[in-house]
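Enquirer: Quick one, fold the following:
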Amino acid sequence: MGAKPIIESILSSYETVVPESKICVDKDFKPVSWFDNSVAYFRCIIDLFAMRGTEGLCLDYKTGKVRDYDQEGGQLHLTAGTLFALYPELEDLTMAYLYLDHKQTVKVKFTKAEAPQLQGYIVDYFDKINAEEKFEPTVNDYCYFCKLTKEVCKYKSR
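Expert: Numbers count the residues shown, from 1 in each chain. Next up, the predicted model:
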């Protein structure tokens, strides 16, 4: 099943459907221009967002290998925190990675009660990134596939 039946189902089930949107907020999680670097605090690109009443659905299309989602944090948490700020009527929000090639979906559900924690996660993430001074690479299992040579990256094993 490709994307078309999924999108048709969403279009018939939700009151509002917004594809391909760029969202940017300031430190107070108020919407600002994507290009206003003087106040832009967090940006996210949403593949598809839908709402009906107080229920929201946000999809991120993925390609490649299906991976489990870290329930403690990540892209879905960051985007959920932003959506709860921008849509105060949201009570329940389903965030999902949609792996069309593999016909698999990875879902995480959030409630409005979690919004402060999610926004705190964004602030902590922002602070961590901006505190970095060395920008050392993060060594992981995918280093094996990297095209950098040992002369360029001291972490290269081959």
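Enquirer: For the helix ranked longest in the chain, which outside residues touch it?
Expert: In the chain, with assignment by DSSP state H, the single longest helix is helix 115-131. Residues from elsewhere that reach helix 115-131, judged by Cβ atoms under 8 Å, 6 or more residues apart in numbering: 29, 41-42, 73, 77-78, 80-82, 84-85, 110. C-beta here means a position set from N, CA and C on the backbone, and glycine is covered the same way.
Enquirer: Just those: which are in helices?
Expert: If you go by DSSP H, the contacts of helix 115-131 have 77-78, 80-82, 84-85 in helices.
Enquirer: Output the residues you listed as a markdown table; include the columns distance to residue 120.
Expert: Formatted as a markdown table, the ones in helices among the contacts of helix 115-131 follow (distance: Cβ to Cβ, whole Å):
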| residue | distance to residue 120 |
| --- | --- |
| 77 | 10 |
| 78 | 11 |
| 80 | 12 |
| 81 | 8 |
| 82 | 13 |
| 84 | 12 |
| 85 | 12 |
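Enquirer: which one among those residues gets closest to residue 105?
Expert: residue 80 (15.9 Å; Cβ to Cβ).
Enquirer: contacting residues for the closest one?
Expert: Residue 80 neighbours (Cβ under 8 Å, 6+ apart): 58, 93, 95, 108, 110, 114, 118.
Enquirer: how about stretch 4-20: buried residues?
Expert: By neighbour count with 16 or more other Cβ atoms under 10 Å, stretch 4-20 contains the buried residues 6, 10, 14, 17.
Enquirer: mind checking how far the first one is from residue 18?
Expert: The reference is to residue 6. Distance, residue 6 to residue 18, using Cβ to Cβ, to the nearest Å: 15 Å.
Enquirer: swap in residue 104?
Expert: 24 Å.
Enquirer: The chain: strands as residue ranges?
Expert: 16-25, 42-52, 55-62, 92-99, 104-111 (DSSP state E).
Enquirer: circling back to that earlier point, redo the buried residues of stretch 4-20 as JSON lines? Include distance to residue 127.
Expert: As requested, these are exported to JSON lines (distance: Cβ to Cβ, whole Å):
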{"residue": "6", "distance to residue 127": "37"}
{"residue": "10", "distance to residue 127": "35"}
{"residue": "14", "distance to residue 127": "35"}
{"residue": "17", "distance to residue 127": "34"}
